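> 3D, please:
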Amino acid sequence: MSGLVAVAPTGTLSSALIFEVAARVFKGITPCTCEPVSPEMAVPMTGWEGVVDFRGPGIGSIGVRVSTRYAEILATAMAGEDVRAMPAMQADAVGETANILSSSVMALLYGPRRHVTISSPKVTGDIADMPSGPAEGLVRLGLLLDHEHLVQVWLIVATEPAQEGTR
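Model (predicted):
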């Protein structure tokens, strides 16, 4: 996975593991091939961003950025019919993808028995600057789906999980 670039692993989660989770999520929604690419390369010029905040043993955010074209593909796959001309459906699909991704990553990060609260997805059609956070708590990666669609996934953990028995 030489194309995978991460600022740092977060907790017990490495960028390679996050890539595997993200690849499973995207392949589950829209069967596709998935390759790692540099996250700087995977920032769509126009498109959608979905962000979910979480709070549990640690706090932070996880987000996904997709092109408008891939948002259309996600929306059509989730709706089971052609909804390419419906931006509201694209926004819902990106938000739901961020939600699925955050739930999957949280289960790996904190385990099935830890209580983690996640927010409703916040979706925007404006792709802003890359989120910033402490270097030790930021992981970002890029995915290339079907040799055509660039996707960026990022995770920020603002505080490390509490150690067992402390709190």
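> what residues does the helix or strand containing Ala23 touch?
Per DSSP states H and E, Ala23 falls inside helix 15-29. Residues outside helix 15-29 that contact it (C-beta atoms under 8 Å, 6 or more residues apart in numbering) are 1, 4-6, 9, 32, 34, 36, 64, 74, 77-78, 97, 100-101, 104-105, 108, 139, 141, 143, 145, 151, 153, 155. C-beta coordinates here come from the backbone N, C-alpha and C atoms, glycine included.
> how about a cut-off of 7 Å?
Contacts of helix 15-29 from elsewhere in the structure, counted by C-beta atoms under 7 Å, 6 or more residues apart in numbering, are 1, 4, 6, 9, 32, 34, 36, 74, 77-78, 97, 100-101, 104-105, 108, 139, 141, 143, 145, 151, 153, 155.
> angle of the helix ranked longest in the chain against helix 15-29?
Looking across the chain with DSSP state H, the single longest helix is helix 87-110. Helix 87-110 runs at 140 degrees relative to helix 15-29, counting by axes from the mean of the first three to the mean of the last three C-alpha atoms, to 10 degrees.
> Whatever helix or strand comes next after helix 87-110 pairs with which strands, parallel or anti?
Using DSSP H and E, the helix or strand that directly follows helix 87-110 along the chain is strand 117-118. Counting by DSSP bridges, the strands paired with strand 117-118 are strand 47-55 (antiparallel).
> related to what we said a few turns ago, pull the distance from the helix holding Ala23 to the chain's centre.
Chain-centre distance of helix 15-29: 9 Å, with C-alpha atoms, centre = their mean, to the nearest Å.
> Can you list the helices and strands that whatever helix or strand comes next after that helix packs against?
The first helix or strand that comes after helix 15-29 along the chain, using DSSP H and E, is strand 34-37. Contacts defined by 3 or more C-beta pairs under 7 Å, 6 or more residues apart in numbering; DSSP states H and E place strand 34-37 against helix 15-29, strand 138-145.
> Name the stretch among these that sits most buried.
Among the helices and strands packed on strand 34-37, ranked by average contacts under mean count of other C-beta atoms under 10 Å, first place goes to strand 138-145 (a mean of 23).
> Show the subsequent helix or strand relative to that one.
Downstream of strand 138-145 (by DSSP H and E), the next one is strand 149-157.
> quick check, distance from that following strand to the centre of its chain.
For strand 149-157, the distance to the chain centre is 5 Å (C-alpha atoms, centre = their mean).
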